[in-house]
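S.K.: Kindly return the folded structure for what I paste below:
(2 chains)
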There are 2 protein chains.
Amino acid sequence: MDSTKIDKVPEPTLRRLPWYLSVCRLLKARGETYVSSTRLSKETNIVASQIAKDLSFVDVVGRTRVGYEIDNLLEVLENFLGFTSMHKAFLFGAGRLGSALLNDTGLRQFGLEIVAAFDANPRLVGHSVAGIPVCDINDLEKEMRRHKVKIGILTVPIHNAQEVADRMVVWGIKAIWNFTPLRIRVPDDIVVQNTSLYAHLSLMFNRLDSVEETENSKK
Amino acid sequence: MDSTKIDKVPEPTLRRLPWYLSVCRLLKARGETYVSSTRLSKETNIVASQIAKDLSFVDVVGRTRVGYEIDNLLEVLENFLGFTSMHKAFLFGAGRLGSALLNDTGLRQFGLEIVAAFDANPRLVGHSVAGIPVCDINDLEKEMRRHKVKIGILTVPIHNAQEVADRMVVWGIKAIWNFTPLRIRVPDDIVVQNTSLYAHLSLMFNRLDSVEETENSKK
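M.R.: The predicted structure is shown next:
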């Protein structure tokens, strides 16, 4: 993949590309072979000119009148988004949310393979969840040498989040997918992707309250 | 809650408030009673003036020198974020990700109670996951009358996502927490909160690639 190109892709574009991918999958399942920007626009509520701009970042060329070949666009998008190559990951914290993610085999379809989980709870260590072994956090160094893992998924309680993140960085993790509601501090060259379900939840509660207030005030 | 106040809270503020909440929980567990903006700033890497601005939206007053009383700030933030009142929800699609969420009892601590799940698969219907019954999607109307539910969690395959979202809206769901990578279309007065794990995954892959390219080019 052309790295100079990667650097330039704006984050909003990266957020929209999976939507186009989903539309392609739907249309392909219905037996269609081509998709136009206009069609993508209708399906996603994003203006066609924006879609054309977004797709200019990936290596795909549309044809006048018919648009993009769906098989080609699918392949290019899946490649570009990193879903076709498998990325190994460790998961830290095999509690409620951690176990839930270990059970979500869908991640594998999107290029993420969790090869081991770590936990401090002796009742979990030595067992496996969804076929993935739960190891003692003290075996991290050994497991890092065994697997070549760059990604760590952080699902520990907030009280341990910073400490576990620090250990991940010491032993060579380069990207942390942070599911905790804590803002972890890491060196500049470490990628942190925050996905706090609970923050999204409060955004939704808040917007729901606003909508209901507006409706009540209309009555 | 003062709705005119809710409307005005900017989304970035709403995204940062859970971080302050987490810091308060950590400090309280360590036996501390007061927290200053400076301390919150150090723990979250957010500038103190921004923190003071964010906290001005919630009903809390800091004291000169000592800052905010932690117990008070905790209570106010949890209330404000909607975590103290229980919101009932239905979950649609008890497959991999859906079951994972049904097993995540942490959601309940943050104000979300999933009271029933729906699925089209006859092998799942009639059973329960983590104590939550899985119902036939055709029983939605009946269950809506039984429970007063405004929130629907969407974890079906993309091929059914739009159709299920349409049914949710018809039967009175007001907010949809959309975990599918599809952009669903709904009327203007319906709240949609998108949380696509796979989109976050591709953002992380992409940033990891960029960081590694930068490091390689330094060598």
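S.K.: how near is the nearest residue to A:Arg185 once chain neighbours are set aside to A:Leu201?
M.R.: Distance criterion Cβ to Cβ, 6 or more residues apart in numbering or on different chains; nearest residue to A:Arg185, sequence neighbours excluded, is B:Asn45 at 6.2 Å. Any C-beta I mention is one placed from the backbone N, CA and C, and that applies to glycine too. B:Asn45 is 23 Å from A:Leu201, where distance means Cβ to Cβ, to the nearest Å.
S.K.: So these two - more neighbours on which side?
M.R.: Neighbours were counted for B:Asn45 and for A:Leu201 using other Cβ atoms under 10 Å in any protein chain shown; A:Leu201 has more, 24 against 10.
S.K.: ok, the closest residue to that one other than its chain neighbours - contacts?
M.R.: Among residues not flanking A:Leu201 along the chain, B:Phe110 sits closest, at 5.5 Å (Cβ to Cβ, 6+ apart). Shown in contact with B:Phe110 (Cβ atoms under 8 Å, 6 or more residues apart in numbering or on different chains): A:198, A:201-202, B:83.
S.K.: circling back to that earlier point, so the residue nearest to A:Arg185 makes contact with A:Arg183?
M.R.: Yes: between B:Asn45 and A:Arg183 a contact is recorded at 6.4 Å, counting by Cβ atoms under 8 Å.
S.K.: how many other residues sit next to A:Met86?
M.R.: 12.
S.K.: So the closest residue to A:Val23 other than its chain neighbours versus B:Thr195, what's the distance?
M.R.: Closest residue to A:Val23 in three dimensions, ignoring its sequence neighbours and counting by Cβ to Cβ, 6+ apart: A:Glu43, at 4.6 Å. To B:Thr195, A:Glu43 is 20 Å away according to Cβ to Cβ.
S.K.: One more: A:Leu124?
M.R.: 26 Å.
S.K.: Confirm that A:Gly152 sits in a strand.
M.R.: Yes: the assignment for A:Gly152 (DSSP: H, G, I helix; E, B strand; the rest coil) places it in a strand.
S.K.: okay, now it: neighbour count?
M.R.: 25.
S.K.: Can you read off the pLDDT for the residue nearest to A:Ser36 when sequence neighbours are not counted?
M.R.: Distance criterion Cβ to Cβ, 6+ apart; nearest residue to A:Ser36, sequence neighbours excluded, is A:Gly67 at 3.3 Å. For A:Gly67, the pLDDT comes out at 92.
S.K.: Bridged to A:Gly67, which residues?
M.R.: Bridge pairing for A:Gly67 (DSSP bridges) gives the partners A:Arg63.
S.K.: That one reaches A:Glu32, doesn't it?
M.R.: No: in this structure, A:Gly67 is not within contact of A:Glu32 by Cβ under 8 Å, at 10.4 Å.
S.K.: quick one: A:Arg15 from A:Asn178, how far?
M.R.: A:Arg15 is 18 Å from A:Asn178, by Cβ to Cβ.
S.K.: Which one of these two is surrounded by more residues?
M.R.: Neighbours of A:Arg15 and A:Asn178, each counted by other Cβ under 10 Å, are more numerous for A:Asn178; the result is 22 against 16.
S.K.: List the beta-bridge partners for the more buried one.
M.R.: With DSSP bridges as the rule, A:Asn178 is bridged to A:Leu154, A:Asn194.
S.K.: And it, how close does it get to B:Gln109?
M.R.: Separation of A:Asn178 from B:Gln109 (Cβ to Cβ): 18 Å.
S.K.: Where does the prediction get shaky in chain A?
M.R.: For chain A, the stretches with pLDDT under 70 are A:1-7, A:219.
S.K.: For it, just list every one of the strands.
M.R.: A:34-35, A:68-69, A:87-92, A:112-119, A:128-129, A:132-136, A:151-154, A:175-178, A:191-194 (DSSP state E).
S.K.: for these, which one sits closest to B:Ile158?
M.R.: Across the strands of chain A, B:Ile158 has its closest neighbour in strand A:34-35 (14.9 Å, Cβ to Cβ).
S.K.: tell me what that closest one is packed against?
M.R.: Applying 3 or more Cβ pairs under 8 Å, 6 or more residues apart in numbering or on different chains; DSSP states H and E, one finds that strand A:34-35 contacts helix A:11-29, strand A:68-69, helix A:70-80.
S.K.: Could you tell me how far that strand lies from the centre of the chain?
M.R.: 26 Å (Cα atoms, centre = their mean, to the nearest Å).
S.K.: Sheet partners, orientation included, of it?
M.R.: Each strand paired with strand A:34-35, and its direction, by DSSP bridges: strand A:68-69 (antiparallel).
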